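[1] let's see this in three dimensions:
(2 chains)
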Amino acid sequence: MSELTAGSPAPLRELAGPSALGGGRRRSLELLYLMAVTEFKRTYFGTMLGYLWSLVRPLMLFGVLLAVFTQVFRLGSEVPNYPVLLLFNIVVFGFFQEATGAAVTSIVAQESIVRKTQFPRLVIPLAVVLTALFNLMLNLVAVFAFILAFGVTPAWTWLLLPLILLALIVLTTAVSMIVSSLFPRFRDMAIIWTVLSTVLFYASPVLYPLDKVPGTLQDILLLNPFALLLELARKWIIDPTAPGPAAIAGGYPELLPAVAIFAAVCVVAVWLFRREAPRIAEEL
Amino acid sequence: MGDRRIVIEARGVEKSFRIPEHRIDSLKERALHPFQRVEFRAHRALRGISFDVCEGEFFGIVGRNGSGKSSLLKILAGIYRQDAGRVRMAGRVAPFIELGVGFNMELTARENGVLNGVLMGLTLREARRRLDSVLEFAELEEFVDLKLKNYSSGMLVRFAFAVMVQADADIMLIDEVLAVGDAAFSQKCLDVFYERRRAGKTVVLVTHDMAMVQSLCHRGMVLHDGELEFLGDPEDTALRYLRLNSVATASRDAEAQVELDLNARVVRAGLRDEAGADVDVVEAGSPIELDVVVEAARALERPLFIFHVVNADGVVLVDFTRALAERVASGQRVRLAGRIENRLAAGLYFLNCYVREDREHGAQAVQGLRLVRFRVAGAAPGKGVVVLDADVQPALEAVPSR
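    Residues are numbered from 1 along each chain as shown, chains lettered A, B, ... in the order given. The predicted model follows:
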């Protein structure tokens, strides 16, 4: 089991101590991949339908909401392609909720690794996001089958979907970093986050398109980066005749606050995680 | 090893833990008392520790619980960051300090082996390639696809040790690794350590087992309340540690004032067989012939000699005290020889002696001496630590006839 180590001896190096990504980039990436894959397998191994369950959950929510918004409220019938819009939004927002919800307690759940090994701390919340991303990808395949079956004509703008997904992943990762690094010190974070993410669900144009919302409220909702993302997706993928975020807001400059908030969340996430990472092992 | 290359260099390492007197754990408390400064009590776990470890050296760190030895190991492993001072290291350091860390009981041995290999710095491909030799070492080839939760604790330890060994790091940091496992496997682990030693690997070992320090380590370090108490030869390391321990035991027993005191040193210590030759193995059941000479470092008034036979788990199995009702002059020698009845089960044992001088008002001066490390040979024991004559015989009971 031993190998000869040839060549010149390694020089003395300053010990870096624990950090967000200490221990080499390759190791971090491979750990990230392995952790995400094993978690994904673990969730669905031993269940009868396997990862079909990850599709069943959003479909059930979709069924209930569709019934409510087309039969009880009349909103659904005023919006073109409402059922597929609703399904797409639920799957996309479900990814955010699943990832951030699991991220909150992720570092504490991996306590033994954090306290007893030199482990790149950032890998833990990132693995949670990656696991959720596997689910999202599988679900999107099903969603696009629905979209085509519903009779939406494919457009060249479908090719822009990766841009939306990229922004979504960045935002989800940033929020996951924030909540996971705060939880070890402020245990209230878990409860706060379940409430906050529900608020965010209703404050994002998931159930309704933004152009159906009256003036002042619309201005407030436009601060939400999700409003931007979901309205872009609606125009590019579901309904080319939809106004798009800029038209709803009344010009591109009106979108700047949401973009600024998006950027601020990312900056705060990096700053906070870098600050907390070295001491997380002591706080557990 | 004066001209050897230094692979670990620690200079003035300081570490404090902030222990809140009133911990603010939730936002509510913070919201209710926004201006209340949290009172922290600083616990100084390490106070200016400096040392070097050379390439190929086995370096032991000993100390009582809470002495800071585990914190130091965690700093070396990159789990904690020191508050002050600097640490430099050369080569690949194993990034963990305990066996079986990061095992997921819901996954199979195969999956865990690969995950742990990568955790230890192997590439994914390397980790997969080495999995076979890991399982072979652990003698668990048939159980590769069994989930770890279905492993017995012995199998788990074997697997964990094999996974650790595969990483093949240049510097290994180990916290109480051999405290587990059955006798045969711990022998196998020891063999691996000796092999590592010959291969020139560097190992930093935190342990309570003075036998390991003395048999494996080139040098040792004693930490006490976060300070470096002693650094040097493994024999002296073990003695210093025993001395610290004897003080603690004595002060727990009675509220006596105990002073540490280098009052005696061992001139020679050994066991004899019937022909009078030195041995370190005693047959089970045959008496232990002790022959020890100590020299008083200063005058001792009516000293007491307290003997402990301790097993590898640190349990004191035999405890007897002999008094010398005389004054021993400085430099004078005392011979402690005689026969001890042996009912010990087969295994590894240590014989320690505490030389104690009782002074006025209940004060005591104590010196701990490590005398002998010996093995009792014989059939592998069951669970017992001693073998006693037992005149118990099963017999069928006659059925009472009407």
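[2] neighbours around residue A:241, how many?
    8 (other CB atoms under 10 Å in any protein chain shown). (Each C-beta comes from the backbone N, C-alpha and C, glycine too.)
[3] quick check: the gap between it and residue A:247.
    11 Å (CB to CB, to the nearest Å).
[4] assign a three-state SS to residue B:334, would you?
    The assignment at residue B:334 comes out as strand when based on DSSP: H, G, I helix; E, B strand; the rest coil.
[5] can you give me the neighbour number for residue 281?
    I went with chain A, as the question did not name one. 24.
[6] sorry, I should have been clearer: chain B.
    Around residue B:281 there are 11 residues (other CB under 10 Å).
[7] so which elements touch whichever strand or helix holds residue A:38?
    Using DSSP states H and E, residue A:38 sits within helix A:25-44. Here helix A:25-44 touches helix A:123-150, helix B:109-119, helix B:124-138, going by 3 or more CB pairs under 8 Å, 6 or more residues apart in numbering or on different chains; DSSP states H and E.
[8] now it and helix A:123-150, what's the angle there?
    Taking axes from the mean of the first three to the mean of the last three CA atoms, to 10 degrees, one finds helix A:25-44 and helix A:123-150 inclined to each other by 60 degrees.
[9] report the buried residues of helix A:25-44.
    Applying a neighbour-count criterion of 16 or more other CB atoms under 10 Å in any protein chain shown, one finds A:27-32, A:34-41, A:43 buried in helix A:25-44.
[10] after that helix, which helix or strand is next?
    helix A:52-67.
[11] what angle do that next one and helix A:25-44 make?
    Using the same axes, to 10 degrees: helix A:52-67 against helix A:25-44 is 70 degrees.
[12] ok, and what's touching helix A:52-67?
    Residues outside helix A:52-67 that contact it (CB atoms under 8 Å, 6 or more residues apart in numbering or on different chains) are A:44, A:47, A:49, A:76, A:83, A:86-87, A:90-91, A:94, A:135, A:138-139, A:142, A:207.
[13] now do the helix or strand just after it: which elements does it pack against?
    Downstream of helix A:52-67, the next assigned helix or strand under DSSP H and E is helix A:75-78. The contact analysis (3+ CB pairs under 8 Å, 6+ apart) places helix A:75-78 against helix A:82-104.
[14] rounded mean pLDDT for the helix it packs on, please.
    The predicted model assigns helix A:82-104 a mean pLDDT of 92.
[15] equivalent analysis for stretch B:108-115, please.
    88.
[16] can it be found next to chain A?
    Yes - on the criterion CB under 8 Å from any CB of the partner chain, stretch B:108-115 is in touch with chain A at B:111, B:114-115.
[17] any idea which of the residues you listed is closest to chain A?
    Nearest to chain A among those, counting by CB to the nearest CB, is residue B:115 at 5.2 Å.
[18] quick one, what contacts that closest one?
    The contact partners of residue B:115, by CB under 8 Å, 6+ apart, come to A:31, A:34-35, A:38, B:102, B:104, B:107.
[19] quick check, nearest of those to residue B:270?
    Residue B:270 lies nearest to residue B:102 out of those, by CB to CB, at 45.2 Å.
[20] now do the phi/psi pair for that closest one.
    The phi and psi values for residue B:102, taken as degrees, to the nearest 10, are phi 90, psi 10.
[21] skipping adjacent residues, who's closest to it in space?
    Closest residue to residue B:102 apart from its sequence neighbours, by CB to CB, 6 or more residues apart in numbering or on different chains: residue A:113 at 4.6 Å.
[22] residue B:359 now?
    residue B:365 (6.6 Å).
[23] so that neighbour makes contact with residue B:356?
    Yes - using CB atoms under 8 Å, residue B:365 is in contact with residue B:356, at 7.0 Å.
[24] residue ranges with poor pLDDT in the stretch 301-402 of chain B?
    Applying pLDDT under 70 to the stretch 301-402 of chain B flags residues B:312-314, B:361-363, B:380-382, B:402.
[25] 80 - rerun?
    Counting by pLDDT under 80, the ranges of the stretch 301-402 of chain B that qualify are B:311-316, B:348, B:358-371, B:373, B:378-384, B:401-402.
[26] tell me the SS of residue 269?
    All of this refers to chain A. Going by three-state DSSP: residue A:269 is helix.
[27] am I right that the residue nearest to residue B:359 falls within a helix?
    No - counting by three-state DSSP, residue B:365 falls outside a helix, being strand.
[28] that one bridge partners, please.
    residue B:259, residue B:357 (DSSP bridges).
[29] hmm, back to that, pretty sure the residue nearest to residue B:102 is touching residue B:101, no?
    Yes - using CB under 8 Å, residue A:113 makes contact with residue B:101 at a distance of 6.3 Å.
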